[in-house]
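# with the sequence up front, the predicted model follows.
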Amino acid sequence: MGKMRKPGAQARRLARTLRALREEVGMTQYEAAKRLHFSHAKLSSVPVTEWDHYLALRERALEKAWWHEYVEEGRGYLAVEDTASSIRTFGFGYVPGLLQTEEYMREVFISASSPLTGAALENTVAVRLRRQRRLTEDPVLRLHVIMDEIALRPRVCTGAAHQEQLRTVLERAALPNVTVQVLLEADGAHDGDSITLIERHLAGATVSPPLSDPRSTLPVT
């Protein structure tokens, strides 16, 4: 058997503090276990040596997420996407945000029904570029895109910018965690609305909130 690791000073201090707080409010260990959805045996068997782990979790929980540096609105979606294991998106007319080049997304935001300019534009572009890192950084996001052929035509961008957007789609599609499918115009009209499905695995459950409208100035795709 391996030698039991000696608990750190912070871990011991946290354990004493939690015990004192529980006793201060007159809560028994059984009651605390019930509130935590633990069995009494589980709560009482957590060794002091594990409090370093729980302390680290607490510290991470207190840290502000990366998007707080950029946005005031749209944080709800960003929090969902940041903890997603996979995203499936279906849309018309636009390349999804996670596959867009910077020039493409700028054109989308500038030409929106409520155009973005100045600091708001730079802020939103920075957020979208930061979101794209989930495709290549651990934990990598699984992305499955279905878009129509029109989205790949030179409508939003033309010339060299359009060619760069096509190359970006091809490069991202080559990633092992990314699948891109295109509905050909020759196949006829396609009924339905744009939609994004996000899967998060939390406590053994899969949560899939649907979101839509890829043209929104909020980063929903």
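Structure's in. What do you need?
# checking residue 89 next. Helix, strand or coil?
Counting by DSSP: H, G, I helix; E, B strand; the rest coil, the backbone at residue 89 sits in strand.
# could you find the closest non-adjacent residue to it?
residue 196 (4.3 Å; C-beta to C-beta, 6 or more residues apart in numbering). Yep, even glycine has a C-beta here, placed from its N, CA and C like the rest.
# just residue 149 next, same as before
residue 185 is the one closest to residue 149 (C-beta to C-beta, 6+ apart), at 4.7 Å.
# I'd like the distance between that neighbour and residue 30.
As defined by C-beta to C-beta, to the nearest Å, residue 185 lies at a distance of 66 Å from residue 30.
# equivalent analysis for residue 120, please.
From residue 120 to residue 30 the distance is 53 Å (C-beta to C-beta).
# between the two, which one's more packed in?
Remark: of residue 120 and residue 30, residue 120 carries more neighbours, 14 against 11, as counted by other C-beta atoms under 10 Å.
# for that one, grab phi and psi.
phi -60, psi -40 (degrees, to the nearest 10).
# and what of residue 166?
phi -60, psi -40.
# so residue 66 sits against residue 130, correct?
Yes: counting by C-beta atoms under 8 Å, residue 66 touches residue 130, with 6.5 Å between them.
# ok, these two, which is more surrounded?
A count of neighbours by other C-beta under 10 Å puts residue 130 above the other of residue 66 and residue 130, at 16 against 13.
# wasn't the more buried one part of a strand?
No: Residue 130 is assigned helix when assessed by three-state DSSP, not a strand.
# pLDDT score assigned to residue 148?
Here, the pLDDT recorded for residue 148 equals 92.
# ok, now how distant is the closest residue in space to it that isn't next to it in sequence from residue 75?
Distance criterion C-beta to C-beta, 6+ apart; nearest residue to residue 148, sequence neighbours excluded, is residue 183 at 4.6 Å. Using C-beta to C-beta, we find residue 183 at a distance of 32 Å from residue 75.
# could you identify the helix or strand that succeeds the host helix or strand of residue 172?
Using DSSP states H and E, residue 172 maps to helix 159-173. With elements assigned by DSSP H and E, the helix or strand that comes after helix 159-173 is strand 178-183.
# the very next helix or strand once past that following strand pairs with which strands, parallel or anti?
Per DSSP H and E, the first helix or strand lying C-terminal to strand 178-183 is strand 195-202. Here strand 195-202 is paired, per DSSP bridges, with strand 86-91 (antiparallel), strand 205-207 (antiparallel), strand 210-211 (antiparallel).
# the residue nearest to residue 149 contacts residue 152, correct?
No: contact criterion C-beta under 8 Å: residue 185 and residue 152 do not qualify, at 10.3 Å.
# those two: which is more packed in?
With neighbours defined as other C-beta under 10 Å, residue 185 and residue 152 compare such that residue 152 has more, 15 against 12.
# show me the shaky parts of the protein.
Within the chain, the stretches with pLDDT under 70 are 1-15, 18, 21-22, 32-40, 42-62, 71-74, 201-221.
# one more time with 90, if that's ok
1-80, 82-83, 92, 139, 185-194, 200-221 (pLDDT under 90).
# thanks again, I'm all set now.
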